[in-house]
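> Give me a model of this one.
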Amino acid sequence: FRSVASRASKRRGRTRRAPVSARFAARGRAPASLRRASPSRSVSCAAGVDLRRVIERLCDAEDLSEAEAQASMDALLDAEPEQIAAFLVLLRAKGETGAEMAGLARAMKARGVPVHAGDDVLDIVGTGGDDAGTVNISTGSCILAAAAGARVAKHGNRSVSSLCGSADVLEALGVAVDLGPEGVAECVKQTGMGFMFAPRYHPSMKAVAPVRKKLKVRTAFNLLGPMLNPASSKYALVGVYTPELMPLMADSLMLLGMKKALVVCSTVGDLSLDEMTPCGPTNVMEVTPSGVKTYAFNPKDVGIPPCELSDLRGGDAALNARMLTDALGGEKGPVADTLMLNAGVAMAAAAQAESVEEGVAMCKEAHAKGLGGETLKKWVELSQTLKAAEA
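As a prediction, the model looks like this:
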């Protein structure tokens, strides 16, 4: 990577509303990143969490500690819809902190179904919500990374903010997307690639889904997905849909114990994307246990030629499946270049390549040999065999 000082909050050519923390500061309250949870008004981490008191604190723009957020989320998953809505909206209005997000994630994972796929698996995942309409870049990149030698455990769902989610396109490709934990682990072992369907691995999401649908505004749950990998991947390439959310995602992932994660957001004109593309430079926040580094990265520096965003546009599951099949099978062009870019960077982040240059080179070689298509074929066949055995 070429280290260049970069502020994730800056956007070229756009006028944006001040962040929530700044609006609270204007009212005489400190930004969320500088406030501390009140020690005198703690919330018990035991079963009897007083949600009314927690909601009162959020009304006063008080931050919760990580433990308090975890206990509150655990209680909310059994609470009334009105309480869930109040908590999520007030947390958003106050401005979520990294500690709060980490606590929410820990509560969700504690109720989830774990997958034991090894300590070295990685995930390439985005928050969604960028409205770019691109083909499923992170999903295709995962398959190519597996073809190049990585071990990938991808966590995903059906479409929420786009025409086609990761589960939708994988299903169109023939993958059995709802395998149980043993089946996923076996897929990773034999093919290097596994997929964990979010509803199966996080059944407690059912309590929150109707509330989110009715609220129709961004809440903490829009950011939680990349933090909830059931295989507890310690390496990840995580895309967010606006640079303003990069610090929050980075802080959250560091508190959750990631060995290395790259939080990225690329800008194309007035649009921000939750993935890396050859269309232009990408803002990066590199997360390790020792801290967070911020810089910019240009795909041209690793030999990826530029393209237009329209070159990456997808559509429904059938169209996206055809586009990924062609790209993974060895077809050259912007889609293949984008998969090589994201897969190569992810392999470097997971220490499965010595550098980004080496990671991209490994993915270029795998692509040229058609190994992406071969890996997909093997994965489809194995997943369907394992699914039949589960029935």
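> any idea how far A167 is from A318?
14 Å (Cβ to Cβ, to the nearest Å). For the C-beta atoms, the positions are set from N, CA and C on the backbone; glycine is no exception.
> Give me the more crowded residue out of those two.
More neighbours surround A167 than the other of A167 and A318, with 24 against 12 (other Cβ atoms under 10 Å).
> okay, the helix or strand harbouring that one in PDB with CA atoms only?
Per DSSP states H and E, A167 falls inside helix 166-173. Taking Å, rounded to 0.1, in the frame of the first residue of the first chain, the C-alpha atoms of helix 166-173 are listed here in PDB:
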ATOM      1  CA  SER A 166     -24.700 -12.500  -1.700                       C
ATOM      2  CA  ALA A 167     -27.100 -15.400  -0.900                       C
ATOM      3  CA  ASP A 168     -29.200 -14.500  -4.000                       C
ATOM      4  CA  VAL A 169     -26.300 -14.700  -6.400                       C
ATOM      5  CA  LEU A 170     -24.800 -17.700  -4.800                       C
ATOM      6  CA  GLU A 171     -28.100 -19.500  -5.000                       C
ATOM      7  CA  ALA A 172     -28.300 -18.600  -8.700                       C
ATOM      8  CA  LEU A 173     -24.800 -20.000  -9.200                       C
END
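> what distance separates it from the centre of its chain?
Computed by Cα atoms, centre = their mean, to the nearest Å, the chain-centroid distance of helix 166-173 equals 17 Å.
> the helices in the stretch 251-391 of the chain, which residues?
Using DSSP state H, counting those that start in this stretch, the helices of the stretch 251-391 of the chain run over 317-328, 334-349, 356-368, 371-390.
> Among those helices, which comes closest to P278?
Counting by Cβ to Cβ, P278 lies closest to helix 334-349 out of those; the figure is 5.4 Å.
> Contact partners for the residue nearest the centre of the chain?
Centroid-nearest residue in the chain, with Cα atoms, centre = their mean: P226, separated by 3.2 Å. Residues counted as contacts of P226 (Cβ atoms under 8 Å, 6 or more residues apart in numbering) are D123, V125, G126, T127, H155, A236, V238, M249, L253.
> thinking again about what came up before, kindly calculate the angle that the helix holding A167 makes with helix 371-390.
Using axes from the mean of the first three to the mean of the last three Cα atoms, to 10 degrees, the direction of helix 166-173 lies 90 degrees away from that of helix 371-390.
> The helix or strand that helix 166-173 is followed by - what's its average pLDDT?
From helix 166-173 onward toward the C-terminus, using DSSP H and E, the following helix or strand is helix 181-191. What helix 181-191 shows for mean pLDDT is 98.
> From the contact counts, what lies against helix 181-191?
For helix 181-191, the packing partners by 3 or more Cβ pairs under 8 Å, 6 or more residues apart in numbering; DSSP states H and E come out as strand 152-156, strand 193-197, helix 371-390.
> want to try JSON lines for those, with distance to T139 and mean neighbour count as columns?
Formatted as JSON lines, the helices and strands packed on helix 181-191 follow (distance: least, Cβ to Cβ, whole Å; neighbours: other Cβ atoms under 10 Å):
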{"stretch": "strand 152-156", "distance to T139": "7", "mean neighbour count": "28"}
{"stretch": "strand 193-197", "distance to T139": "9", "mean neighbour count": "27"}
{"stretch": "helix 371-390", "distance to T139": "11", "mean neighbour count": "18"}
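> State the mean pLDDT of the helix holding A167.
Here helix 166-173 scores 97 as its mean pLDDT.
> what's it in contact with?
Residues from elsewhere that reach helix 166-173 (Cβ under 8 Å, 6+ apart): 136, 138-139, 154, 156-159, 177, 195, 197-198, 317-318, 320-321, 324-325, 376, 380.
> export the helices of the stretch 251-391 of the chain to JSON lines and tack on mean pLDDT and distance to K109?
Below are the helices of the stretch 251-391 of the chain laid out as JSON lines (pLDDT from 0 to 100; distance: least, Cβ to Cβ, whole Å):
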{"stretch": "helix 317-328", "mean pLDDT": "97", "distance to K109": "28"}
{"stretch": "helix 334-349", "mean pLDDT": "97", "distance to K109": "21"}
{"stretch": "helix 356-368", "mean pLDDT": "96", "distance to K109": "28"}
{"stretch": "helix 371-390", "mean pLDDT": "98", "distance to K109": "23"}
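> Following element in sequence after whichever strand or helix holds L223, please.
Assigned by DSSP H and E, L223 belongs to helix 221-224. Counting by DSSP H and E, the next helix or strand C-terminal to helix 221-224 is strand 235-239.
> for the protein, which spans come out with low pLDDT?
1-47, 160-162 (pLDDT under 70).
> Surely Y241 is in contact with D130?
Yes. Shown here, Y241 and D130 form a contact pair, counting by Cβ atoms under 8 Å, at 4.1 Å.
> what sits in contact with each of these two?
Contacts common to Y241 and D130, judged by Cβ under 8 Å, 6+ apart, are S272, L273, D274.
> Including distance to E286, could the helices of the stretch 251-391 of the chain go into CSV?
Below are the helices of the stretch 251-391 of the chain laid out as CSV (distance: least, Cβ to Cβ, whole Å):
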stretch, distance to E286
helix 317-328, 27
helix 334-349, 8
helix 356-368, 11
helix 371-390, 26
